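Novice: sequence and predicted model, in that order:
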Protein chains: 2
Amino acid sequence: MWKGFVLQQSLVKLINFMKIDHSKKQLEILEKAAALFRDKGYAATSMRELAQAVNLKVSSIYSHFSSKEAILQVICFENAQKFTQNMASIEAQYNNPLQQLEALINLHIEIALEDTTSVTAFNDEWRHLGEARLEEFLSLRKEYEMKFCAIIEAGIAEGTIQDIQPQTIFYTILSSIRWLYDWYKPNKKLEAILIKEQVLRLLLRGIVSE
Amino acid sequence: MWKGFVLQQSLVKLINFMKIDHSKKQLEILEKAAALFRDKGYAATSMRELAQAVNLKVSSIYSHFSSKEAILQVICFENAQKFTQNMASIEAQYNNPLQQLEALINLHIEIALEDTTSVTAFNDEWRHLGEARLEEFLSLRKEYEMKFCAIIEAGIAEGTIQDIQPQTIFYTILSSIRWLYDWYKPNKKLEAILIKEQVLRLLLRGIVSE
DNA sequence: GTCTATACGATGATAGAC
DNA sequence: GTCTATCATCGTATAGAC
């Protein structure tokens, strides 16, 4: 049995450039906004609620962000960058397609377990971006998808990955991890390790036991 | 290699009781509402938009449904019932846990491929139910989860399913299918069959090839 | 940067004529 | 059942004092 995935856990370092370029108050607003967007959705979250959550009057928020959508933009694009940059570092680190894929799955699981709020908002609420920004966002997303699928494709050619449409594998991986955002409560560190190992095994080896 | 899943495709019959109990106009409203809720989200969909979509004035909608939330309620609870009833019929049809699980996965894939709008709205927008109905809904969902996990548990005990926390398997299956709602365009019948076979194989046997 | 005050369009929902 | 008319409320956003 192939056991490579046991060896390379936790090698991926998460880059937190969200903390660069923003003032303390901006960061506070971004965090609370992400939490509200995650819990109630972007459209159902009002600026009045957000203001209350950060102990400001509504108008004061506009000293930090030009609009409600501007806040969503930061959340969406900084998270998109996070995934793109991590993928680049993974590609540099491994040259084996299967190891790259495993590291990518690991990356997505780790991000899901570590940063529940911001990434969830990014995952679910990007569609509320305005037309221009939405187009930009979708193009970034498409680029990420193509790189991801290229790795899968290489693994299929090599014979280490099942011969299934790369897009199907890609979408299945990405969405299969999404329940972590909704269900995982970041209390127990031990449980996180167990979940990570089990989800990874489930995706790589399947449900059926030999 | 275990090949049972090749034999029992498409045995699951989808029950469409959504078409019972509602007038034609109510059905039209429900369909358009589901499409709008799916595309823009419940909160971002206004009654005026919905009215326009069904060629009515806003006030006329209130002759068919008592409120915007009442429409969401129908969508959520009738879809919940759909899954519950299908599960019951699967449990009656098979007594092998692995076959039951495979039929359940098949069910979820088939529903995703056949009925994109209503189920997507149900999947994503239930959280906008009012407090009382939300509680009711979550209890139905919990019940479904427990039955689903009991089947997985039986498979693990039997040795046919990998020894992984049943909840982890359950959540991974359910969410792994969700990309179909977002990405699959119901044009090509042939492609649907291919996707179904591949997703099923991916979940059951995993990404890594032997 | 934060406040009070306010603009003003959109929202869910109702009253009452036909 | 459908319409016109209307309501009260809430939405994002701005102006201007401190």
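Specialist: Cool, the structure landed.
Novice: every contact and neighbour count from this point should use C-alpha atoms.
Specialist: Fine.
Novice: around DNA strand D, pick out the residues from chain A.
Specialist: Contact residues, chain A versus DNA strand D (Cα under 7 Å from any atom of the strand): A:43-48, A:58-59, A:62, A:66-69.
Novice: so which of those are also by chain B?
Specialist: A:43-44 (Cα under 8 Å from any Cα of the partner chain).
Novice: separate out the buried members of the residues of chain A next to DNA strand D.
Specialist: A:43-47, A:58, A:68 (16 or more other Cα atoms under 10 Å in any protein chain shown).
Novice: can you tell me which of these is nearest DNA strand C?
Specialist: Distances from DNA strand C to those, taken as Cα to the nearest atom of the strand, are shortest for residue A:58 (6.6 Å).
Novice: returning to what we had before: mind putting the buried ones among the residues of chain A next to DNA strand D in CSV, pLDDT included?
Specialist: As requested, these are exported to CSV (pLDDT from 0 to 100):
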residue, pLDDT
A:43, 98
A:44, 98
A:45, 98
A:46, 98
A:47, 98
A:58, 98
A:68, 98
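Novice: so of these, which ones are in helices?
Specialist: Among those, the ones falling in helices (DSSP state H) are A:47, A:58, A:68.
Novice: how much space between the closest residue to residue A:58 other than its chain neighbours and residue A:59?
Specialist: In space, and not counting its chain neighbours, residue A:58 is closest to residue A:51: 5.1 Å by Cα to Cα, 6 or more residues apart in numbering or on different chains. From residue A:51 over to residue A:59 the distance is 8 Å, taken as Cα to Cα, to the nearest Å.
Novice: pull up the residues of chain A that are close to DNA strand C.
Specialist: So chain A meets DNA strand C at A:25, A:55-61, A:63-64 (Cα under 7 Å from any atom of the strand).
Novice: now the residues you listed in CSV, with distance to residue A:136?
Specialist: Formatted as CSV, the residues of chain A next to DNA strand C follow (distance: Cα to Cα, whole Å):
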residue, distance to residue A:136
A:25, 27
A:55, 33
A:56, 31
A:57, 32
A:58, 29
A:59, 29
A:60, 29
A:61, 25
A:63, 25
A:64, 23
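Novice: which of these are buried?
Specialist: Buried among the residues of chain A next to DNA strand C (16+ other Cα under 10 Å): A:58, A:61, A:64.
Novice: just to check, the second one is in contact with residue A:51?
Specialist: Yes. The pair residue A:61 / residue A:51 is scored as a contact, 6.8 Å apart, by Cα atoms under 8 Å.
Novice: any idea which element the residue nearest to the spatial centre of chain A lies in?
Specialist: The centre of chain A sits closest to residue A:119, judged by Cα atoms, centre = their mean, with a distance of 5.0 Å. In the assignment (DSSP states H and E), residue A:119 maps to helix A:116-125.
Novice: buried ones in that helix?
Specialist: Buried positions in helix A:116-125, judged by neighbour count with 16+ other Cα under 10 Å: A:116-123, A:125.
Novice: what separates the longest helix belonging to chain A from the chain centre, distance-wise?
Specialist: Longest helix in chain A by number of residues (criterion: DSSP H): helix A:131-158. Remark: helix A:131-158 is offset 14 Å from the chain centroid, using Cα atoms, centre = their mean, to the nearest Å.
Novice: which elements pack onto that helix?
Specialist: Applying 3 or more Cα pairs under 8 Å, 6 or more residues apart in numbering or on different chains; DSSP states H and E, one finds that helix A:131-158 contacts helix A:68-93, helix A:97-114, helix A:166-176.
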